[in-house]
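Asker: coords please:
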Amino acid sequence: MSRGLVIAAPRSGAGKTTVTIGLMRALARRGLAVRPFKCGPDYIDPAFHAAAAGRPSVNLDTWAMGRATLARLVQGGEGEVAIAEGVMGLFDGVAEPGQTARGSTADLAALLGWPVVLVLDVSGQAETAAAVAAGCAAYRDDIVVAGAILNRVASARHADMIGAGFRRIGLPILGTVAQDARFALPERHLGLVQAGETADLDARLDALADIVEATVDLDAVVACAAPTRLATVAGAAIVPPGQRIAVARDAAFSFLYPHLLEGWRSAGAEILPFSPLADQPPPADADAVWLPGGYPELHAATLAAAHRFKSGLQALAARGVSIHGECGGYMVLGRGLQDGEGHRHEMTGLLSLESSFAQRRLHLGYRRARLRAPSALGEAGTEVLGHEFHYASVLANDDSPLVDCRDAGGHPVAESGARRGTVSGTFFHFIDRPT
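Answerer: Down below sits the predicted model:
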């Protein structure tokens, strides 16, 4: 069972991702087998983790995953040290009536028993940085803050000014990282540009590792790791939507949680990847098709011209094959997609959805949904947990609703998905079923 630690911060934007991938690449270059994880619902950071560590990164979500799923994911691999990157601020999660937030990085650290290493953006701070660290360390008694990495340090004198406060509270500084242009990674509207699209990714990762190796005590960081205390928990395995599942995989359809693919394979299903952008139809002998999310709006013209893909998908739908799309995949199953410039592109027409990125509106949050009809997500009445994050607006949707949907606080939300025959779609991404 891996020893593990959590890289967290008091807030978003403190440098968690760049420090985390720099650590992962630096340790991997030393020959250490690093198991990467990401706290919460995120598709982009794990791809950078995988590139840095040379091993797949897996999401761990204490709100949307049952304990059986979490235990299976944490204990299911091999490695010398597990490093989990947190989400938002250490204690930030989703508010539910009458209680503090759930699904936070701190919840994951407490559940697994992994100590926390804080990444602190100390720009414009001196001794206050120690006060922030002390507050994080004292706020909950079920987590351990093992040390801190100071990010965006202005000078050696600046580091000395901060160090006095840390000596006073008895918390070790594990490294001091200066502001450096090499830490900057390109971004777009859903976060970082994906790892596979980042130019000179290996060179960027090596540059980050060089900085971390020079300024962070890697041995001390690894020494912070502690054994996982989450024991194996009995629970139902993930049910695949079919035996031979055609899964769209390319730059337009890249948002699919690794634990789902692995869960389907473990249940005996065969995964059949295909590329709509390359105008590949789903295999004709597939008994289920899954269109993940991604960035179809950036490739809408190519998808509109992918006639072999569209006709192959339509032929499977006519035969009653189960087809499901999530977020971007859902939009591609619709009639039309309007890009950011307002140009409409004809999609597959298997659902009536008309969506637009010309009228951007943020939809963000966990979703608890009950199926109103059978679909690739399960039988009617099944409850599923997921997460919604997109900027698309719905211009039209005349199909039958697929789900009754609520947010993490139990409040109804507009997301209802759609279904027509054996074709279905949702804006939320499926993560797990409640246990």
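
Asker: got any ranges where the stretch 51-200 of the chain has weak pLDDT?
Answerer: Along the stretch 51-200 of the chain, segments meeting pLDDT under 70 span 96-99, 180-199.

Asker: for it, just list every one of the strands.
Answerer: Remark: strands assigned in the stretch 51-200 of the chain by DSSP state E, counting those that start in this stretch are 58-60, 81-85, 94-96, 99-102, 116-121, 145-153, 173-178, 187-188, 191-192.

Asker: is it possible to get CSV of the ones you listed that adds distance to Val233 and mean neighbour count?
Answerer: To be clear about C-beta, it is placed using only N, CA and C from the backbone, and glycine gets the same treatment. Listed next are the strands of the stretch 51-200 of the chain as CSV, based on distance: least, CB to CB, whole Å; neighbours: other CB atoms under 10 Å:
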stretch, distance to Val233, mean neighbour count
strand 58-60, 14, 23
strand 81-85, 18, 26
strand 94-96, 22, 15
strand 99-102, 18, 12
strand 116-121, 23, 26
strand 145-153, 26, 24
strand 173-178, 32, 22
strand 187-188, 37, 11
strand 191-192, 31, 16
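
Asker: how about those strands, which one is nearest Ala284?
Answerer: Closest to Ala284 of the strands of the stretch 51-200 of the chain, according to CB to CB: strand 58-60, at 32.1 Å.

Asker: mind giving me the packing neighbours of the closest one?
Answerer: Other elements packing on strand 58-60 under the criterion 3 or more CB pairs under 8 Å, 6 or more residues apart in numbering; DSSP states H and E are strand 34-39, helix 67-75, helix 258-266.

Asker: coming back round to it: Gly410 is nearest to which of the strands of the stretch 51-200 of the chain?
Answerer: strand 94-96 (7.5 Å).

Asker: domain-wise, how is this structure divided?
Answerer: Annotated domains of the chain cover 3-227, 244-432 [automatic domain parsing].

Asker: ok now do Leu5, which residues does it touch?
Answerer: Taking CB atoms under 8 Å, 6 or more residues apart in numbering, we find Leu5 in contact with 81-84, 114-117, 146, 221, 224-226.

Asker: and which of those is nearest Leu333?
Answerer: Using CB to CB, Ala84 comes nearest to Leu333 of the contacts of Leu5, at 33.9 Å.

Asker: Leu261 versus that closest one, what's the distance?
Answerer: Going from Ala84 to Leu261 by CB to CB, to the nearest Å gives 20 Å.

Asker: again, but for Ala159
Answerer: Going from Ala159 to Leu261 by CB to CB gives 44 Å.

Asker: ditto for Leu316
Answerer: Using CB to CB, one gets 20 Å for the distance from Leu316 to Leu261.

Asker: pick out whichever of these two has more residues nearby.
Answerer: Using other CB atoms under 10 Å, the more surrounded residue of Leu316 and Leu261 is Leu316, with 25 against 21.

Asker: quick one: contacts for that one?
Answerer: Listed by CB under 8 Å, 6+ apart, the contact partners of Leu316 are Pro282, Ala284, Ala286, Val289, Ile323.

Asker: which ones among these lie within strands?
Answerer: Val289, Ile323 (DSSP state E).

Asker: what is the most widely separated pair among the contacts of Leu316?
Answerer: Taking CB to CB, the two most distant members of those are Ala284 and Ile323; they sit 13.4 Å apart.

Asker: list the buried residues in stretch 416-430.
Answerer: In terms of neighbour count (16 or more other CB atoms under 10 Å), stretch 416-430 has its buried residues at 416-420, 422-430.

Asker: sorry, back to before: any chance of a markdown table for the helices and strands packed on strand 58-60, columns distance to Gly381?
Answerer: Shown next, in a markdown table, are the helices and strands packed on strand 58-60 (distance: least, CB to CB, whole Å):
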| stretch | distance to Gly381 |
| --- | --- |
| strand 34-39 | 31 |
| helix 67-75 | 21 |
| helix 258-266 | 21 |
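
Asker: Met88: which of these is closest?
Answerer: Smallest distance to Met88 across the helices and strands packed on strand 58-60 (CB to CB): 9.1 Å, for strand 34-39.

Asker: neighbouring strands - and their directions - for that closest one?
Answerer: Sheet pairing of strand 34-39 (DSSP bridges) gives strand 58-60 (parallel), strand 81-85 (parallel).

Asker: give me the contacts around the longest one.
Answerer: With contact meaning CB under 8 Å, 6+ apart, strand 81-85 is reached by 2-7, 16-17, 20, 23-24, 27, 32-39, 45, 49, 53, 60, 74, 108, 112, 114, 222, 225, 228.

Asker: got it, and stretch 121-138?
Answerer: Residues outside stretch 121-138 that contact it (CB under 8 Å, 6+ apart): 9-11, 13-15, 90-91, 116, 118, 120, 145, 148, 150-154, 158, 161-162, 164-166, 168-169, 171, 179.
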